[in-house]
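missing the sequence, but the structure's below:
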């Protein structure tokens, strides 16, 4: 009789498994974001502005969000314009700064998603998370290199 465990029966990680996990987690986040009237891309751009050590120019925010999402720079600029129109970001000279409302929105989303994230990630052994982190970092690095080669 053979013993089966989750370690031996779990499917190997591949692009499909990564995509399914990403979209499942993103679906949860987008559900929360929709209740707050913000899109995924708006949240990523707003977070980039809020977490920056120094105020960023629109070009710097576009570059940062593009590096994360691989989204069209023109679409990211439109997203920044939406955040300004919604008074979540404000232009000050050449920079965009988060407003108090922008910071409060991110805090509210974070407070709402924290217990959900804890349920999703809770109970996964630290060594499994470390191994997954190493694999995901390597996949990201290789995919970024492939994208650069395709774009270059």
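That came through fine. Note that the structure is predicted; figures quoted are calculated from it, not measured. Residues are numbered from 1 along each chain as shown.

pretty sure residue 103 contacts residue 47?
No - using Cβ atoms under 8 Å, residue 103 is not in contact with residue 47, being 10.4 Å away. Quick note: C-beta positions are derived from backbone N, CA and C, even for glycine.

Comparing these two, which residue is more hemmed in?
Comparing residue 103 with residue 47 by other Cβ atoms under 10 Å, the one with more neighbours is residue 47, at 18 against 14.

Quick check: which element contains the closest residue to that one other than its chain neighbours?
Residue nearest to residue 47 in three dimensions, not counting chain neighbours: residue 106, with 6.1 Å by Cβ to Cβ, 6 or more residues apart in numbering. Under the criterion of DSSP states H and E, residue 106 resides in helix 100-121.

Kindly report the same for residue 97.
For residue 97, the element it lies in under DSSP H and E is strand 95-98.

What helices and strands are in contact with that strand?
Secondary-structure packing of strand 95-98 (3 or more Cβ pairs under 8 Å, 6 or more residues apart in numbering; DSSP states H and E): helix 40-51, helix 73-85, strand 89-92.

Tell me which of the ones you listed is the most buried.
Most buried of the helices and strands packed on strand 95-98, by mean neighbour count (mean count of other Cβ atoms under 10 Å): helix 40-51, with a mean of 20.
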